[in-house]
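> A structural model of the following input is requested.
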Amino acid sequence: MVSEDHCVYVKKTNVGIMFLTLYIDDILLARTDLEMINATKRWLSSVFKMKDMGEARYVLGVENQRLS
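Model (predicted):
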């Protein structure tokens, strides 16, 4: 957890870094490695009732673009 913001969680591994952000009842995952995102979503859905809404195009009114 980022100490300044209790809604942002960070996981660092030797492969990279992943961010999990919470806003009310929405979760946004960000990482360069898609497999770690999928593994995290599988774990979260085994613990919580959730629906995968796919890639986020807009977050809080800001448009997001994936860089290749």
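> name the nearest residue to residue 27, ignoring sequence neighbours.
residue 20 (6.3 Å; CB to CB, 6 or more residues apart in numbering). Quick note: C-beta positions are derived from backbone N, CA and C, even for glycine.
> dead centre of this structure: give me the residue that sits there.
Geometric centre of the chain, nearest residue: residue 29, 1.0 Å, by CA atoms, centre = their mean.
> got phi/psi on that residue?
The phi/psi pair for residue 29 (degrees, to the nearest 10) reads phi -110, psi 140.
> now residue 53
Torsion angles, degrees, to the nearest 10, at residue 53: phi -90, psi 0.
> distance of it relative to residue 42?
Separation of residue 53 from residue 42 (CB to CB, to the nearest Å) stands at 16 Å.
> does residue 45 lie in a helix or a strand, and which?
Element membership of residue 45, judged by DSSP states H and E, is helix 34-47.
> in that helix, what's buried?
Using 16 or more other CB atoms under 10 Å as the burial criterion, the residues of helix 34-47 that qualify are 36, 40.
> run through who's touching it.
With CB atoms under 8 Å, 6 or more residues apart in numbering as the test, helix 34-47 has contacts from 13, 15, 16, 18, 20, 27, 29, 31, 50, 52.
> quick one: residue 11 and residue 33 touch, right?
No - counting by CB atoms under 8 Å, residue 33 is not a contact partner of residue 11; they are 11.0 Å apart.
> mind listing the shared neighbours of these two?
residue 18.
> name the surrounding residues that touch the helix-or-strand element of the chain with minimal mean pLDDT.
Of the helices and strands making up the chain, the lowest-confidence element is strand 58-59, at a mean of 82, by mean pLDDT, DSSP states H and E. For strand 58-59, contacts defined as CB under 8 Å, 6+ apart pick out 28, 64.
> next SSE downstream of that strand?
In the C-terminal direction, the helix or strand that comes right after strand 58-59 (DSSP H and E) is strand 62-63.
> tell me the average confidence for that following strand?
Per-residue pLDDT over strand 62-63 has a mean of 88.
> hmm, who's touching it?
If you take CB under 8 Å, 6+ apart as the criterion, strand 62-63 is touched by residue 57.
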